[in-house]
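Enquirer: model this:
(one chain, ligands or ions: 2)
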Amino acid sequence: MNVIIVGASGYSGAELAKLVVAHPKLTLAGLFVSEQSLDKGKLLSDLYPQYVGVIDVPLQPLTSDAMSYIQQQADYVCLCTEHKVSVDLAPLFLDMGKKVFDLSGGFRLANNQDYQTYYGFTHENEALLNQAAYGLAEWNSDAIEKAQLVAVAGCYPTAALNALKPLVNAGLVSEQKIIINAVSGVSGAGRKANISTGFCEVSLKPYGLFNHRHSPEIERYLGHKVLFTPHLGNFPRGILETIYVDLKPGVTEQQVNDAYQCLADQPLIRLLGNKIPSINGVVNQAFVDIGWQQQGQSLIVMSAIDNLLKGAAGQALQCINISMGLSAAYTLVGAHHE
Ligand SMILES: NC(=O)C1=CN([C@@H]2O[C@H](COP(=O)(O)OP(=O)(O)OC[C@H]3O[C@@H](n4cnc5c(N)ncnc54)[C@H](OP(=O)(O)O)[C@@H]3O)[C@@H](O)[C@H]2O)C=CC1
Ligand SMILES: CC(=O)N[C@@H](CCC(=O)OP(=O)(O)O)C(=O)O
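Expert: Ligands and ions are numbered 1, 2, ... in the order given. Next up, the predicted model:
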């Protein structure tokens, strides 16, 4: 299958390019940036020296000629672009009959009202929201396989949903809101220059209180209310979430352990039991590490991912694998992606 990547100079796009190049059943058919990009014409390896000799592929401007090329050559189009850009571009590629994997949040929520509230823009392609499959690979593979448009799950939601869906689905959680405290490294904010996310400016601090766009995304796909607070940390990559769950009265440790067994056969999910996951355990890996400890009705669940792999490019590749009828973890399990 021929894959093209739009937004390829960004952190998630570059990571995805590397995964595609390493995949024996995929061909990297082109890397694209905006028409006015300062990086157009450069090689990906000019921007990321670790790719010299590996991905010496030019970043092409997304002109009308480029669109014709994509129409002729691509099977899969991956959008590693900002939300509104994805909302505008996805229908163009869908109309060409391409299968689209969108890494942005542009197609994850239910309706225009949610986009106005949480994303601050009017969704111009609301009809597509019903057609998009949510790309949470371990939980939605049937829909992902059939869909023309896959809305690859968000980074914080990926860590939260894999940690919480087993418990909520098993009916073990009380009506109380689940509290999610999450810390992300600065690559989560993307490559574009921004003073507040510049590495020397960042200090560990919370943001997006009560109104981060991942709150409705987590609630939608979990079916439970949450109080989600992200924090920006002064490290390059990785997400760690510490999650406080009020269990229903009488729920035992055995019941909690049993609930997690639904994920036991998933190659990219590592159930650590009462051990504590860490960022170091998942950086440059496509795993989700999940640990938990219980005291009475209180359960603390900890979930760690690499935001650029399981939280973005790795999960996009899982969705591509599913679309091709391959094992979702093909080329990802056990591989170190530095
Ligand atoms: N970083 C992360 O951890 C995660 C990111 N995501 C999502 O993935 C998407 C990309 O994120 P990230 O890689 O961090 O972003 P970056 O800011 O690092 O990269 C954005 C890319 O989009 C390109 N671009 C911008 N405007 C256009 C346009 N109009 N047409 C084509 N290309 C364009 C940029 O190049 P140029 O401006 O030079 O054209 C650049 O290549 C976002 O929606 C983000 O929310 C999802 C999960 C995790
Ligand atoms: C640290 C940081 O800024 N993180 C980003 C989330 C990462 C991301 O790009 O979000 P999606 O997964 O929804 O695409 C944020 O809070 O906006």
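Enquirer: for the residue in the chain sticking out farthest from the centre, helix, strand, or coil?
Expert: In the chain, the greatest distance from the average C-alpha position (Cα atoms, centre = their mean) is reached by residue 250, at 34.8 Å. Going by DSSP: H, G, I helix; E, B strand; the rest coil, the secondary structure assigned to residue 250 is coil.
Enquirer: quick one: contacts for it?
Expert: Under the criterion of Cβ atoms under 8 Å, 6 or more residues apart in numbering, the contact list for residue 250 is empty. C-beta here means a position set from N, CA and C on the backbone, and glycine is covered the same way.
Enquirer: next: the one 10 residues further on.
Expert: Contact partners of residue 260, counting by Cβ under 8 Å, 6+ apart, are 166, 271, 290, 292.
Enquirer: next, it: secondary structure please.
Expert: helix.
Enquirer: give me the pLDDT value at it.
Expert: pLDDT for residue 260: 98.
Enquirer: who does the host helix or strand of residue 4 pair up with?
Expert: Counting by DSSP states H and E, the element that carries residue 4 is strand 2-6. Strand pairing for strand 2-6, determined by DSSP bridges: strand 27-33 (parallel), strand 76-79 (parallel).
Enquirer: of those strands, which is nearest ligand 2?
Expert: Proximity to ligand 2 (Cβ to the nearest ligand atom) singles out strand 76-79 among the strands paired with strand 2-6, at 10.8 Å.
Enquirer: starting at the chain centroid, how far to that closest one?
Expert: Relative to the chain's own centre, strand 76-79 is displaced by 14 Å; criterion: Cα atoms, centre = their mean, to the nearest Å.
Enquirer: for the stretch 1-150 of the chain, which residues are neighbours of ligand 2?
Expert: 104-105 (Cβ under 6 Å from any ligand atom).
Enquirer: show me which residues of the stretch 1-150 of the chain sit near ligand 1.
Expert: 6-13, 33-34, 37-39, 62, 80-83, 85, 103-105.
Enquirer: can you say which of these are buried?
Expert: 6-13, 33-34, 37, 39, 62, 80-83, 85, 103-105 (16 or more other Cβ atoms under 10 Å).
Enquirer: inside helices: which ones of those residues?
Expert: Counting by DSSP state H, these place 11-13, 83, 85 in helices.
Enquirer: how about the strands in the stretch 151-300 of the chain?
Expert: 178-184, 205-206, 226-232, 239-246, 269-273, 288-295, 298-305 (DSSP state E, counting those that start in this stretch).
Enquirer: next, format those as TSV and append distance to ligand 1, mean neighbour count and mean pLDDT.
Expert: TSV is the format used below for those (distance: least, Cβ to the nearest ligand atom, whole Å; neighbours: other Cβ atoms under 10 Å; pLDDT from 0 to 100):
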stretch	distance to ligand 1	mean neighbour count	mean pLDDT
strand 178-184	7	22	98
strand 205-206	18	12	96
strand 226-232	12	19	98
strand 239-246	8	21	98
strand 269-273	18	17	98
strand 288-295	14	21	98
strand 298-305	10	23	99
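Enquirer: may I see those arranged in a markdown table, with distance to ligand 2 as well?
Expert: Listed next are those as a markdown table, based on distance: least, Cβ to the nearest ligand atom, whole Å:
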| stretch | distance to ligand 2 |
| --- | --- |
| strand 178-184 | 4 |
| strand 205-206 | 11 |
| strand 226-232 | 5 |
| strand 239-246 | 8 |
| strand 269-273 | 18 |
| strand 288-295 | 14 |
| strand 298-305 | 11 |
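Enquirer: circling back: can you redo the strands paired with strand 2-6 as CSV with distance to residue 308?
Expert: As requested, the strands paired with strand 2-6 are exported to CSV (distance: least, Cβ to Cβ, whole Å):
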stretch, distance to residue 308
strand 27-33, 16
strand 76-79, 14
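Enquirer: my guess is residue 293 meets residue 274, correct?
Expert: Yes - Residue 293 is in contact with residue 274 according to Cβ atoms under 8 Å; the separation is 5.2 Å.
Enquirer: not counting residues beside it along the chain, what's closest to the closest residue to ligand 1 within the chain?
Expert: Ligand 1 sits closest to residue 10 of the chain, with a gap of 1.9 Å, by Cβ to the nearest ligand atom. Leaving aside its chain neighbours, residue 10 sits nearest to residue 191 (5.0 Å; criterion: Cβ to Cβ, 6 or more residues apart in numbering).
Enquirer: and of the ones in helices among the buried ones among the residues of the stretch 1-150 of the chain next to ligand 1, the nearest to residue 122?
Expert: residue 83 (12.1 Å; Cβ to Cβ).
Enquirer: so who does the closest one touch?
Expert: 104-106, 119, 121.
Enquirer: could you tell me how many residues sit around residue 287?
Expert: 23 (other Cβ atoms under 10 Å).
Enquirer: surely it is in contact with residue 310?
Expert: Yes - shown here, residue 287 and residue 310 form a contact pair, counting by Cβ under 8 Å, at 6.5 Å.
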